[in-house]
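Visitor: Okay, sequence plus prediction incoming.
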Amino acid sequence: MSAPNSHSDQQELVETLEIFKIKGKDKRGRKILRIIGKFFPARSLSVDVVKKHLEVKVYPQLRKRPFSVVYVHTGVQRSENFPGISALRSIYEGIPIDIKKNLEAIYFVHPGLQARLFLATFGRLIFCGGLYAKLRYVSRLDLLWEHVRKNEIEIPEFVHDHDEDLEYRPMMDYGLESDHPRVYGAPAVDSPVPMYSMRCIS
């Protein structure tokens with residue numbers, strides 16, 4: 001990660017973008033730390049600023065009870081939002097032991113093929129101590145609502161839009177079809193994916 005701005009500017013950016021936000025509970029009553037990958041400006045943040053933000057703003061709220069993480073990978077591009085392997089390792093190693101113990105589940109929303117391959121290759125090396133085993137891939141938002149209380153967590157509109165695209169074009173999940181936006185026609189008859197929008201369900 002490069003850091004062209006001052007530390008104070010970077011700190012303000014992290015808070016303004018709400019990359020990390022603690023709000024709501026899952027269906028087991030655990031606090032939720034929501035992370036929006038697309039909001040992470042990897043080119044503009046230093047690892048030290050991210051670690052300091054987590055230390056001051058996030059970890060103190062997670063020390064006393066078990067919690068879960070909802071990581072939204074929708075729209076993440078390697079050149080824009082991915083901090084790099086060394087940065088991820090540094091951030092992970094900076095997490096206090098008591099926080100790691102309290103983390104019970106990670107819901108990885110819209111992982112995509114590249115993310116799955118990356119985690120299968122490097123995940124066990126970067127995230128030791130049993131964290132990798134807590135990872136749960138969530139390909140659709142309706143599957144997330146089986147674990148998380150829907151009305152207590154804010155999901156950006158672009159995530160809902162992508163979820164709808166996946167209903168019409170399930171091959172995007174496996175990297176067999178581009179996610180380049182275009183106008184869609186009627187859903188394919190042979191598609192195994194239910195053709196409805198979960199946004200209509202309250």
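Guide: Cool, the structure landed. Numbers count the residues shown, from 1 in each chain.

Visitor: lowest-confidence helix or strand of this protein?
Guide: The helix or strand of the chain with the lowest confidence, counting by mean pLDDT, DSSP states H and E, is helix 124-126 at a mean of 71.

Visitor: from the chain's centre, how far out does that one sit?
Guide: Put simply, helix 124-126 sits 18 Å off its chain's centre (Cα atoms, centre = their mean, to the nearest Å).

Visitor: just stretch 39-54 next, same as before
Guide: 15 Å.

Visitor: cool, stretch 116-132 as well?
Guide: 15 Å.

Visitor: hmm, back to that, would you mind listing the buried residues in the helix or strand following the least confident helix or strand of the chain?
Guide: Sequence order places strand 135-138 as the next helix or strand after helix 124-126, per DSSP states H and E. Under the neighbour-count criterion of 16 or more other Cβ atoms under 10 Å, strand 135-138 has Leu135, Tyr137, Val138 buried. The C-beta positions use only the backbone N, C-alpha and C, and glycine is treated the same way.

Visitor: Dump those residues to TSV, plus pLDDT and distance to Glu55.
Guide: As requested, the buried residues of strand 135-138 are exported to TSV (pLDDT from 0 to 100; distance: Cβ to Cβ, whole Å):
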residue	pLDDT	distance to Glu55
Leu135	90	23
Tyr137	92	29
Val138	93	28
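
Visitor: The residue nearest the centre of the chain sits in which helix or strand?
Guide: The residue lying closest to the centre of the chain (Cα atoms, centre = their mean) is Tyr71, at 2.0 Å. Here Tyr71, judged by DSSP H and E, is contained in strand 67-72.
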